[in-house]
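# only geometry, no sequence info:
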């Protein structure tokens, strides 16, 4: 972690510990996430970027140097780690947990779960951010609970692929419904024995290299250790409704679709899926920033467990729509 000299101190206020898994390929939209974070956070924070190879580390360090040229009043320290940079920590902390080690070397998104654990001591918070976020107002993160995990809420569900969800349900693993992984907040210590068991159970016998498996793991963690959903009125997740699909089919630009979202008074917007690629034009057109203040803590909502019958209905609905050609027609 590289300390930044010459920045104002905030007395006893402890910097928030932020982590982001980021590939340089995502910089067209991630650059906006980082700039809005640097500009609008009212709390001091450290930022750790987690990426793949040495060339990715170099590119991201160069990017951070450029970003620091703009407003960053609360940034206290920065670090960039490639996958191999944490090999010694992985061996030391996950040495007795082979499934966790396999998981870490699966899809890069899965390292949103593993790598903050490697870089955090007992009691330390881990605020994990997706690169497709936007912070349109002056804001503060919610206080990270002493125990439990805090996740964003979304409709209807991003628990995919179906066969891995089925493996979890068959094994009796409870999963939280409506989880979105744009922002996750939790603390060490984490029960690595249980987490290793969970990954091994989901493998059955191997995990497909599918990014959304991360969401299944977070959903299982939520039901295991508790916590709650971040207030969806403050931490807003993009929802690809039928109306929005229709607008796109009619030729409405992505930026114009985003213009219909609520950015006033919120803390964070998660532009998941295709919406992430619309952020640049929307920002250039001045559609995102509101310059409000959203610093009051918002209460958590209790996690809702995904029931087997709900999963069967979601799965049947997707299959039915696929047979009807809905996804080919509407995207």
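Done, it's in. This structure is a prediction, so every number in the text was calculated from the model and none was measured. Numbering: from 1, shown residues only.
# Now do the nearest residue to residue 301 once chain neighbours are set aside: how many residues are near it, please.
Spatially, and ignoring its direct neighbours in sequence, residue 301 is nearest to residue 229 (4.3 Å; Cβ to Cβ, 6 or more residues apart in numbering). In short, each C-beta sits where N, CA and C put it, glycine included. Burial of residue 229 is recorded as 22 neighbouring residues (other Cβ atoms under 10 Å).
# cool, and residue 204?
Applying other Cβ under 10 Å, we find 14 residues neighbouring residue 204.
# repeat for residue 99
Residue 99 is flanked by 18 other residues according to other Cβ under 10 Å.
# State the three-state secondary structure for it.
Secondary structure assignment for residue 99 (DSSP: H, G, I helix; E, B strand; the rest coil): helix.
# any idea how far it is from residue 166?
Computed as Cβ to Cβ, to the nearest Å, the residue 99 to residue 166 distance reads 19 Å.
# next one: residue 15
Residue 15 sits at a distance of 42 Å from residue 166 (criterion: Cβ to Cβ).
# May I have the phi/psi pair for residue 17?
phi -100, psi 100 (degrees, to the nearest 10).
# Can you give me the pLDDT of it?
Predicted confidence (pLDDT) for residue 17: 98.
# residues contacting it?
Listed by Cβ atoms under 8 Å, 6 or more residues apart in numbering, the contact partners of residue 17 are 45-46, 48, 120, 124-127.
# Throw the residues you listed into TSV and include secondary structure, pLDDT and distance to residue 146, thanks.
TSV is the format used below for those (DSSP: H, G, I helix; E, B strand; the rest coil; pLDDT from 0 to 100; distance: Cβ to Cβ, whole Å):
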residue	secondary structure	pLDDT	distance to residue 146
45	strand	97	19
46	strand	97	20
48	strand	98	22
120	coil	98	14
124	coil	98	12
125	strand	98	10
126	strand	98	13
127	strand	98	15
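# before we move on, what SS does the closest residue to residue 224 other than its chain neighbours have?
Take residue 224 and drop its neighbours on the chain: the residue closest to it by Cβ to Cβ, 6+ apart is residue 194, 6.7 Å away. Residue 194 falls in the helix class when you classify it by three-state DSSP.
# Next, count neighbours for residue 194.
By other Cβ under 10 Å, the burial measure for residue 194, its neighbour count, is 13.
# Also residue 163?
In terms of burial, residue 163 registers 12 neighbours under the definition other Cβ under 10 Å.
# so residue 34 makes contact with residue 67?
Yes: in this structure, residue 34 sits in contact with residue 67. The criterion is Cβ atoms under 8 Å, and the distance is 5.6 Å.
# neighbour count winner among these two?
Using other Cβ under 10 Å as the criterion, residue 34 and residue 67 rank with residue 34 on top: 25 against 19.
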